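In: Give the three-dimensional model of this entry:
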Amino acid sequence: MGVNALAYVTFDMADPAYWQSLYTRVLGMQLTERADRAIEVRCDEMHHRITLYPTGTDALRSVGWQLPDAEALDDLVARLRARGLDVTEGSAELCAERRVHRLYRFFEPFLSVETELIVGQHSDRYAFVATRGIAGYRTGPLGLGHVVFHTHDVEGAVTFYREVMGFGLSDYMGWADAAAVFLHCNPRHHTLAIMNLCMGRKSGHFNHIMFEALDFDDVGYAYDVARDDRHPMIMDLGKHTNDHVHSFYIRTPGDYGVEYGWGGRLVGPDWQVRFYDQPMLYGHRIPA
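Out: Numbering: from 1, shown residues only. Below you'll find the predicted structure:
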């Protein structure tokens, strides 16, 4: 047994006003500023799913993976240590900051990412209050959404996440000079995708994070707000070939994307792994 959801993601930020606008005006999420000036971002019943640290740079800081229970967490930590990885237990202060019961962390070498393994994420007693009229986010047992990375060793990374972290294979994709492998850890079509060094990306580059809406109209409204606010687009509104998500991608100051979508497929017991030669069924045009 391994990871069963993406619990949270943390980022460094240079311009708090930019990120506050993106998460509230475009995505309708709820923000809380802490005493240390970090911003916690909420989108569902969890206390928060995103933390933004005011460091003067825009970059991914860490990824938090959820385990179903303490036994599964201990088992995964043992497997990681058996492979020679330096896995340390999080302090009581860090657990309180992340709002989790238990936490371990290690540096994952294939994707070059600080990785946190948690159990017991804090479910808040107060309801999520959106900052504009949205239906909400598709999370729950599917986790926060998905993340995508580039690496110099796609085969090694895929093997690590399947054999050690407990992910399953969803499908493959290849087009132009790009290649991607999509992995699931619950019924969401993919919670992690691993790409080669295409598009001028270096190993460890964080490609994007995806949030999934409960209502397609929320994506359309957000698309209009993003365009009106002059957010640069990586890809315009369109539909993917493999997971069937309708989405658009905003290019952030950290040179990674925020994808906002709706309608993702679920992986079930009869799922068939396929190869796709294009990422879009329609749309997803790259702006001039």
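In: What about the nearest residue to residue 37 once chain neighbours are set aside, how many residues nearby?
Out: With sequence-adjacent residues excluded and distances taken as C-beta to C-beta, 6 or more residues apart in numbering, residue 37 is closest to residue 54, at 5.0 Å. Using the backbone N, CA and C atoms, a C-beta is placed for each residue, glycine as well. Using other C-beta atoms under 10 Å, residue 54 is surrounded by 16 other residues.
In: Kindly report the same for residue 133.
Out: Residue 133 has 9 nearby residues by other C-beta under 10 Å.
In: which residue sits closest to residue 55, ignoring its sequence neighbours?
Out: Per C-beta to C-beta, 6+ apart, closest to residue 55 is residue 12, 4.2 Å.
In: quick one on the thing from earlier: how much space between the residue nearest to residue 37 and residue 3?
Out: 29 Å (C-beta to C-beta, to the nearest Å).
In: And residue 274, by the same measure?
Out: For residue 274 relative to residue 3 (C-beta to C-beta), the value is 23 Å.
In: Ok, residue 146 next?
Out: As judged by C-beta to C-beta, residue 146 and residue 3 stand 13 Å apart.
In: and what of residue 244?
Out: Taking C-beta to C-beta, one finds residue 244 at 23 Å from residue 3.
In: Comparing the two, which residue is more hemmed in?
Out: Neighbours per residue, other C-beta under 10 Å: of residue 244 and residue 3, the larger number sits with residue 3, 27 against 14.
In: Provide a list of residues in contact with the closest residue in space to the more buried one that isn't next to it in sequence.
Out: Distances taken as C-beta to C-beta, 6+ apart place residue 65 nearest to residue 3, at 4.4 Å, with adjacent residues excluded. Applying C-beta atoms under 8 Å, 6 or more residues apart in numbering, one finds that residue 65 lies in contact with 3, 5-7, 115-118, 165, 185.
In: What residues are bridge-paired with residue 65?
Out: Assessed by DSSP bridges, residue 65 has beta-bridge partners residue 6, residue 117.
In: Check residue 54 too.
Out: With DSSP bridges as the rule, residue 54 is bridged to residue 13.
In: I'd guessed it sits against residue 33; true?
Out: No: checked against C-beta atoms under 8 Å, the pair residue 54 and residue 33 is beyond contact range at 9.7 Å.
In: Can you show me the strands along the stretch 101-250 of the chain?
Out: 113-121, 146-150, 168-175, 178-184, 192-195, 206-212, 233-240, 246-251 (DSSP state E, counting those that start in this stretch).
In: What is the second one packed up against?
Out: Helices and strands in packing contact with strand 146-150 are listed as strand 5-13, strand 192-195, strand 206-212; criterion 3 or more C-beta pairs under 8 Å, 6 or more residues apart in numbering; DSSP states H and E.
In: The next helix or strand after the longest one - what's its average pLDDT?
Out: What it means is strand 5-13. Remark: after strand 5-13, the chain's next helix or strand is helix 16-21, criterion DSSP states H and E. In this model, helix 16-21 has a mean pLDDT of 97.
In: Name the residues of helix 16-21 that are buried.
Out: For helix 16-21, the neighbour count (16 or more other C-beta atoms under 10 Å) marks 19-20 as buried.
In: Next, the buried residues of stretch 281-288.
Out: residue 284.
In: contacting residues around it?
Out: Applying C-beta under 8 Å, 6+ apart, the contact partners of stretch 281-288 are 232-241, 244, 247-248.
In: now do stretch 218-235
Out: Residues contacting stretch 218-235 (C-beta under 8 Å, 6+ apart): 21-22, 25-28, 132, 134-135, 208, 213, 237, 246-251, 257, 260-262, 280, 283-287.
In: Please report the number of neighbouring residues for residue 182.
Out: When counting by other C-beta under 10 Å, one arrives at 26 neighbours for residue 182.
In: these two touch, right, it and residue 190?
Out: Yes: between residue 182 and residue 190 there is a contact under C-beta under 8 Å: 3.9 Å.
In: Quick check: neighbours shared by those two?
Out: Contacts common to residue 182 and residue 190, judged by C-beta under 8 Å, 6+ apart, are 170, 242-243.
In: so can I have CSV of those showing distance to residue 155 and neighbour count?
Out: Converted to CSV, those look like this (distance: C-beta to C-beta, whole Å; neighbours: other C-beta atoms under 10 Å):
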residue, distance to residue 155, neighbour count
170, 16, 22
242, 20, 22
243, 22, 24
